[in-house]
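>>> Fold the following, please.
(chains A, B and C)
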Amino acid sequence: MLNKTDGKGKAQEETLPPYLSILNAEQREAVFHRGNPLLILAGAGSGKTRVITTKIAYLIREQGMDPRSILAVTFTNKAAREMAERARLIDERAAYAMLRTFHSFGAWFLRRNGTLIGLNAGFVIYDDDDMSSLLATLMEGASMGEIKHAAYGIARAKDFFLSPEQPELSLIDHRETFRSLYTKYEERLRQIGNVDFGDLIKKPVEILRTYPEVAERFKNRFRVILVDEYQDANIAQFELLKELCGPETYVCVVGDDDQSIYAFRGAEVRNILEFPDRFPGTDIIRLERNYRSTAPILQTASSVVSHNQDRLGKTLRAERGNGKNPVLAFLPNQHEEAAFCAHLIEESVRPAKERSTGEKPPFKQASYADWAVLYRTNAQSLGFETEFLRRGIPYRVVGSLKFYEREEVKDALALLSFLANPRDEVAFRRVVNKPARGVGNATVDRIVREATEGPLAEGNLSAAAQRLKAVLAPKARAGIEAFLGAIEKGRSVLDRGVPEVSDEGASLKSLKPQEPGNVHAGEGLSVCIVHLVQEAGIVDYHRTHDEIAGNQRISNLQELANAASLYPASFGGLLEFLEHLELDRSLEDPHGKEGIQDMVTLITLHNTKGLEFRRVIITGMEQGVFPRDDKRGENLEEERRLFYVGATRAMDELYLSSCTQRRMYGRTALMEPSRFLMEIDRTQLRIIGSPPRGYAPRNPSRPAGEQHPPPGTWQVGNRLFHDDQGYGSVVEVQETPEGPLVRVCFDTGKELRFFGLKQRKRITKIHEER
DNA sequence: TAGTTTTAAGTTTTT
DNA sequence: CTTAAAACTA
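The predicted structure is shown next:
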């Protein structure tokens, strides 16, 4: 598939190598560009990855650039891998360029330069859960929600490059308690010697600013810096980019403001809008030729996103020309929705001759892999999975694999983290008394205090426990010994590089590989993991504890061990493995049966970025599902961009489905069609099923939506049913600045007040029409 | 302190 | 419907 080129490039074209001649004029201009900073505004499907990879290869091949002086950053590991692969296909030397995600670059940087700010190179990266666990130890008596909220606030603060002492912190949370909590958290994290995700960006910037000689080194090393998906960069990442750019550095960023879907995580669209101001002299190149989708698909995607105010605005041209109109299907409930998807897929995959529909030839024979089912939340995948399983449709679920969130996996990782860093309080608390060894909370607190506040406050929990052993109760003492013994065994594996031949080790070898309920050592680091989980009693714990899921859990541990077999059984190997796990949790999905490649893709809208499929179904087009709650209206624009991203994944066919009823948390709720559906010109759609009352055609004179008052408004006298309290009636409605306060008198005589009484919680409004 | 049972509460998106 | 926190018993 060759791109069109304009006339004047013809002469030049003939002398160009094929990898350059396939580019269109704008793409080529972007590849050849040099000198000033460059901003490439690349619409969906306009070949932006091709431009970046080609540019890398071109710099090496034609400009004689040393690949090691090229840094290219992306946001996802998948994108980084793909980029590396494609660049290498053009020129093998691209393998020596540094292609990483922002976070993996930060980790790489800190392992080498962290000591400057007192960070030991053996640090472990804390994920959001670890962050919350640590915060929990600082917020006694706080509820889970408060802890999560605080964790979110601190993470955002770091995204915006805000330290505890900065006044702007009040923009995230104005309370003084938040500031002091952030301070305490930072202090504690420093003591432990670990970092969180935000630190991976923020700390390198601080080092580069404090140590000019380090900054100089980096500015000399990286002569070219390329950033992909720049619209997803947060403030801290922008600062990092600035610190890495010297006067001689060539910087090129690629992005699309309409595809910015990570504001909730601190992404700052203004980064791309204001790039020309921040990097004076910036040249801008627009890539607006779309090579992926047919015109109606592009039209549908554009019409929704064009309702946004905050955008640069662009015109995508469909190089593929016209095609089928998108289909909008109204369905009674999500079971029918799953059946509808399954039916569509089955029909398309069946050989054309078997079909007896009125379809006119030529038939387009599809394969399962041509299809993707998109949804807003991971929870929605379940319905499709059951239906596809029942019908024998092969599928794979992308993302959502909560492999690393499983208890047994987290236990094993905590053991490894503690082995890597004996100051890791979070890991210590998790596994020191698992299985129960008589080491209770009181003992744990005592050990932590000894480690952090004692005369020898070096933070090492192993050493502190060792010191306290003598004065502990016999039970606790034996437990501590068992735990420390297991850690020691693990360490000896790392030091020696070979497993110690203990009794357990010997019996391990005698076991048959298939014997259930045991974890087997393979090679490298997996040996260490096997020893640790076995010695620490995690295997036995899960085997005996849960008879039903036990075997599955053991095999999960086995899988974790297998993943580690590629890493050397050394301290360095351990760090590498942990870092890989923290930064890239995508892991090849183990669910997918070997050999079967032809599968339908089930995926969240967010996860589809950068992918493409011949046929795409966007499901759950309902208010409250997609878009999700728009109480503040602020997220609405981002939800529109999410629709734009999802719709532009489709090459040939796009389907949208909307349910009138949906079961959510065990309760059936009536749904309104997504307002996005009203934003698409009806004549462009093929509508299946009967449109519900809420689906009003777009009226040019007056914007749709809001005609119906939202349900859930309460009046005195309304009858209702409460799951726990039974029937009752509203006796008072009071408007407060934070919403309606409803007083309900139940038939039992009990009176309760409810704040923001919402339907579809555990309360059902009863309509007394007859 | 450990392991049970009961009760309540909450459901985005991810490096 | 699933998960987590609190409460309770041995």
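>>> ok, residues contacting stretch A:313-326?
A:3-4, A:41, A:43-46, A:258, A:286, A:288-298, A:300, A:302, A:306, A:647, A:651-656, A:680, A:684-686 (CB atoms under 8 Å, 6 or more residues apart in numbering). Every C-beta, even on glycine, is put in place using the N, C-alpha and C of the backbone.
>>> Buried subset of those, written for PyMOL?
In PyMOL syntax, the buried subset of the contacts of stretch A:313-326 is picked out as below (16 or more other CB atoms under 10 Å):
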select buried, chain A and resi 3+41+43+44+45+46+258+286+289+290+291+292+293+294+295+296+297+298+300+302+647+651+652+653+654+655+656+680+685
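>>> Check what pLDDT the residue of chain A found nearest DNA strand C gets.
Relative to DNA strand C, the nearest point of chain A is residue A:666 (3.2 Å; CB to the nearest atom of the strand). The model reports residue A:666 with a pLDDT of 72.
>>> now swap in the one 3 residues further on and tell me
You'll see residue A:669 listed with a pLDDT of 82.
>>> sec struct for it, please.
strand (DSSP: H, G, I helix; E, B strand; the rest coil).
>>> wait, what's in contact with the closest residue to DNA strand B within the stretch 151-300 of chain A?
The stretch 151-300 of chain A approaches DNA strand B most closely through residue A:264 (3.7 Å), counting by CB to the nearest atom of the strand. Residues near residue A:264 by CB under 8 Å, 6+ apart: A:635, A:638.
>>> Secondary structure of it: a strand, I assume?
No. Assessed with three-state DSSP, residue A:264 is helix; it does not lie in a strand.
>>> For chain A, name the helix or strand with the lowest mean pLDDT.
Within chain A, no helix or strand scores below helix A:503-510, which has a mean of 32 by mean pLDDT, DSSP states H and E.
>>> next SSE after that one?
helix A:525-535 (DSSP states H and E).
>>> Quick one: list the elements packing against that following helix.
Counting by 3 or more CB pairs under 8 Å, 6 or more residues apart in numbering; DSSP states H and E, the packing neighbours recorded for helix A:525-535 are helix A:407-420, helix A:474-496, helix A:503-510, helix A:550-564, helix A:571-583.
>>> residues of the longest one that come out buried?
Applying a neighbour-count criterion of 16+ other CB under 10 Å, one finds A:476-477, A:479-480, A:482-484, A:486-487, A:489-491, A:493-494 buried in helix A:474-496.
>>> Other residues contacting that helix?
Outside of helix A:474-496, the residues within contact range by CB under 8 Å, 6+ apart are A:415-416, A:418-419, A:422, A:431-433, A:437-440, A:443, A:447, A:462, A:465-466, A:468-470, A:472, A:499-500, A:502, A:527-528, A:531-532, A:535-537, A:569-571, A:573-574.
>>> can you rerun that using 6 Å?
A:419, A:432, A:437-439, A:443, A:465, A:469, A:499-500, A:527-528, A:531-532, A:535-536, A:570-571 (CB atoms under 6 Å, 6 or more residues apart in numbering).
>>> Only whichever of these are buried, select them in ChimeraX.
Filtering the contacts of helix A:474-496 down to the buried ones (16+ other CB under 10 Å) takes a single ChimeraX command:
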select /A:419,432,437,438,439,443,465,499,527,528,531,532,535,536,570
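>>> Going by proximity to DNA strand B, name the top residue of chain A.
Closest point on chain A to DNA strand B, by CB to the nearest atom of the strand, is residue A:665, at 1.7 Å.
>>> How many neighbouring residues does that residue have?
9 (other CB atoms under 10 Å).
>>> check contacts around residue A:338.
A:383, A:384, A:387.
>>> So it lies in a helix, does it not?
Yes. Checked against three-state DSSP, residue A:338 lies within a helix.
>>> and it, how far is that from residue A:331?
9 Å (CB to CB, to the nearest Å).
>>> repeat for residue A:686
From residue A:686 to residue A:331 the distance is 15 Å (CB to CB).
>>> Do you have the strands of the stretch 651-770 of chain A handy? List them.
Along the stretch 651-770 of chain A, the segments classed as strands by DSSP state E, counting those that start in this stretch run A:661-664, A:667-670, A:686-688, A:719-722, A:726-736, A:739-746, A:751-755, A:763-766.
>>> residues from chain A in reach of DNA strand C?
Taking CB under 7 Å from any atom of the strand as the test, the list of chain A residues beside DNA strand C reads A:143, A:144, A:665, A:666.
>>> hmm, try it at 10 Å
A:129, A:132-133, A:136, A:141-145, A:147-148, A:379, A:382, A:402, A:405-407, A:663-667, A:723, A:761-762 (CB under 10 Å from any atom of the strand).
>>> Run through the stretch 451-600 of chain A and note the low-pLDDT ranges.
The model of the stretch 451-600 of chain A has pLDDT under 70 over residues A:497-522, A:546-549, A:586-596.
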